[in-house]
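Trainee: A structural model of the following input is requested.
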Amino acid sequence: MSEDRTSPFWRAGAPLILASKSVGRRQALAQAGLPFESRPANVDERAVEAALGPVGADAIALALARAKAEAVSAGAPGRLTLGADQVASCDDRVFGKPATMEKAAELLHFLSGRRHRLHSAIALVRDGAVVFETVAHADLTMRPLSGAFVAAYLGEMGEAALSSAGAYQVENLGAQLFSEIAGDHWTIMGLPILPLLDALRRAGALLT
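Mentor: Model prediction:
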């Protein structure tokens, strides 16, 4: 998928490659005025996680973002490629996208009434070398949820609940889950745009 367009700010020639099919991440790049192409990465996320051993949420998110960027960058010599991933943590437990609707319900019941942290990682790669990488954080407090609400929420969301860490999308029905959110919009969406823009300027890809 291509969302390339002429930009008065872009200085890198060929557009940025986004190693993701995420609608939210594509929207974030488009809204920031960045020309880009979307090329989803074929990465076994569970295998990447298993190879890491016992590490924290930041390391997991970074490893996944880096693996996606590197996989796509291999087929795009000379191009800037952006990988992104997001995991969540709560009470020493780290979790990503739930595998099934049953796991999604279990996760929502676990998060109910608790505060958890989103770890949103990005990795910018060119010709196999990491140009920039970072992790940004947001803290979200989920209100106490009834069993009836969880069932109704998942019934409305369907399998879209399986596409995001925590089984929610704040920009949609997920807004009903929370009592408090501390963090910027882009980090919650899974693409911390401000550090990305700064990195692109320092790399000479954006007008300063």
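Trainee: any weak-confidence spans in the protein?
Mentor: In the predicted model, the chain carries pLDDT under 70 at residues 1-5.
Trainee: Where do the strands of the chain begin and end?
Mentor: 16-18, 36-38, 81-90, 93-95, 115-126, 129-142, 178-182 (DSSP state E).
Trainee: Now mean neighbour count and distance to Tyr153 too, for the ones you listed, in CSV please.
Mentor: Heads up, the C-betas are built off the backbone N, CA and C, glycines and all. Listed next are those as CSV, based on neighbours: other Cβ atoms under 10 Å; distance: least, Cβ to Cβ, whole Å:
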stretch, mean neighbour count, distance to Tyr153
strand 16-18, 24, 29
strand 36-38, 20, 28
strand 81-90, 26, 17
strand 93-95, 16, 17
strand 115-126, 23, 17
strand 129-142, 18, 11
strand 178-182, 13, 12
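Trainee: which one of these lies closest to Ala47?
Mentor: Nearest of the strands of the chain to Ala47, taken as Cβ to Cβ: strand 81-90 at 13.9 Å.
Trainee: Next, the angle strand 115-126 makes with the closest one.
Mentor: Angle between the axes of strand 81-90 and strand 115-126 is 160 degrees (criterion: axes from the mean of the first three to the mean of the last three Cα atoms, to 10 degrees).
Trainee: Could you check the angle strand 81-90 makes with strand 129-142?
Mentor: Using the same axes, to 10 degrees, strand 81-90 lies at 30 degrees relative to strand 129-142.
Trainee: Sheet partners, orientation included, of strand 81-90?
Mentor: Strand pairing for strand 81-90, determined by DSSP bridges: strand 16-18 (parallel), strand 93-95 (antiparallel), strand 115-126 (antiparallel).
Trainee: Which elements pack onto the longest helix seen in the chain?
Mentor: Longest helix in the chain by number of residues (criterion: DSSP state H): helix 57-73. Applying 3 or more Cβ pairs under 8 Å, 6 or more residues apart in numbering; DSSP states H and E, one finds that helix 57-73 makes contact with helix 45-52, strand 81-90, strand 115-126, strand 129-142.
Trainee: how close does the most far-flung residue of the chain relative to its centre get to Thr134?
Mentor: Using Cα atoms, centre = their mean, the residue of the chain lying farthest from its centre is Ala148. It sits 28.9 Å away. For Ala148, the distance to Thr134 (Cβ to Cβ, to the nearest Å) stands at 40 Å.
Trainee: Right, I'll leave it there.
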